[in-house]
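> all I have is the shape, not the residue letters:
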């Protein structure tokens, strides 16, 4: 069995602490999960695989090629959930055209004015979810302005309506919006699994260490293959999903979340 991705960043002292402290116990899957796909949009992925240092010239929040390495894993999870009738809930950002509601996002990034004054030459809306994993009519899209998919949104009420006791979390960034969503889900007493290969970040160290920390305290970090096997074990017809519409909703504006 391969070592966890984070082991390369831990000291021997860290490893000894985790081995003896009791943290990192397996929480287990719930009985009625929903799949959360956090912020897999063009602002974080670019329109195609590109080396990150090239991609961030166009999209300052891009995770570069790591986003596209995750894409087949994300698609496999989404397809499996569709086949089993398990809810899929996406998040992405939303802003006023003048970017006034960006608020505290503008304080920690020297390129935040780009969200108000310019766009890449392709004129793609950064908050549009990547076409390769675009929402199906029965899927739910939650618009947010802060890192957590729960903060200031109706995420929790949707999970209540669906009768969910657990979430399977994927998306980006591992250290930012994914982590914030996991912490809020933990605080609301959902069981949480992260599909390791379905999460990504612009910083490889942040990705690994945040997986380590979440696995220690808040969630189970598991291989995508294990999540797929779990989803296969669920009976069909568990949920009353929205019928949706075949016509896509208008894309939200501006991309500033990270």
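Nice, thanks for sending it over. Quick caveat: nothing in here was measured; it's all calculated off a predicted structure. Numbering: from 1, shown residues only.
> identify the residue spatially nearest to residue 154, adjacent ones excluded.
Of all residues not flanking residue 154 in the chain, residue 142 sits nearest, at 6.9 Å (Cβ to Cβ, 6 or more residues apart in numbering). For every residue, glycine as well, the C-beta is placed using N, CA and C.
> isn't there a strand covering that neighbour?
Yes. Checked against DSSP: H, G, I helix; E, B strand; the rest coil, residue 142 lies within a strand.
> can you pull the contacts of it?
Residues near residue 142 by Cβ atoms under 8 Å, 6 or more residues apart in numbering: 89-91, 149, 153-155, 158.
> among these, name the buried ones.
Buried members of the contacts of residue 142, scored by 16 or more other Cβ atoms under 10 Å, are 89-91, 149, 153, 155, 158.
> which one of those residues is nearest residue 14?
residue 149 (29.3 Å; Cβ to Cβ).
> helices or strands up against the longest helix seen in the chain?
Counting residues, the longest helix found in the chain (DSSP state H) is helix 65-84. Contact here means 3 or more Cβ pairs under 8 Å, 6 or more residues apart in numbering; DSSP states H and E; on that basis helix 65-84 packs against strand 33-38, helix 42-45, helix 52-58, strand 88-93, strand 166-172, strand 191-200, helix 224-233.
> hmm, back to that, let's have the buried ones among the contacts of residue 142 in a markdown table, adding pLDDT.
Shown next, in a markdown table, are those (pLDDT from 0 to 100):
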| residue | pLDDT |
| --- | --- |
| 89 | 98 |
| 90 | 98 |
| 91 | 98 |
| 149 | 98 |
| 153 | 98 |
| 155 | 98 |
| 158 | 98 |
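> circling back: gap between the residue nearest to residue 154 and residue 245?
17 Å (Cβ to Cβ, to the nearest Å).
> could you tell me the angle between the longest helix of the chain and strand 33-38?
150 degrees (axes from the mean of the first three to the mean of the last three Cα atoms, to 10 degrees).
> report the buried residues of helix 65-84.
65-68, 70-71, 73-74, 76-78, 80-81, 84.
> quick one on the thing from earlier: of the helices and strands packed on helix 65-84, which approaches residue 138 most closely?
strand 88-93 (7.9 Å).
> show me what that closest one is in contact with.
Contacts of strand 88-93 (Cβ under 8 Å, 6+ apart): 34-41, 43, 78, 81-82, 126-129, 135-136, 138-145, 149, 153, 155, 158-159, 171, 177, 181, 252, 254-257.
> which of those count as buried?
34-41, 43, 78, 81, 126-129, 135, 138-145, 149, 153, 155, 158-159, 171, 177, 181, 252, 254-257.
> low-confidence regions, the chain specifically.
Scanning the chain with the threshold set as pLDDT under 70 gives 1, 116-122, 246-258.
> at 90 instead, please
1-3, 95-124, 244-258 (pLDDT under 90).
> count of residues packed around residue 189?
Residues near residue 189, counting by other Cβ atoms under 10 Å, number 8.
> break down the stretch 101-250 of the chain into its helices, ranges please.
Under the criterion DSSP state H, counting those that start in this stretch, the stretch 101-250 of the chain contains helices at 114-117, 155-162, 179-187, 204-217, 224-233.
> closest one to residue 23 among the ones you listed?
helix 204-217 (4.2 Å).
> so how far is that closest one from its chain's centroid?
In terms of Cα atoms, centre = their mean, to the nearest Å, the centre of helix 204-217 is found 14 Å from the chain centre.
> tell me what that helix is packed against?
Against helix 204-217 (3+ Cβ pairs under 8 Å, 6+ apart) you get helix 179-187, strand 191-200, strand 220-222.
> residues of it that come out buried?
For helix 204-217, by 16+ other Cβ under 10 Å, it's 204, 206-216.
> so it versus helix 179-187, what angle?
Going by the same axes, to 10 degrees, helix 204-217 makes 0 degrees with helix 179-187.
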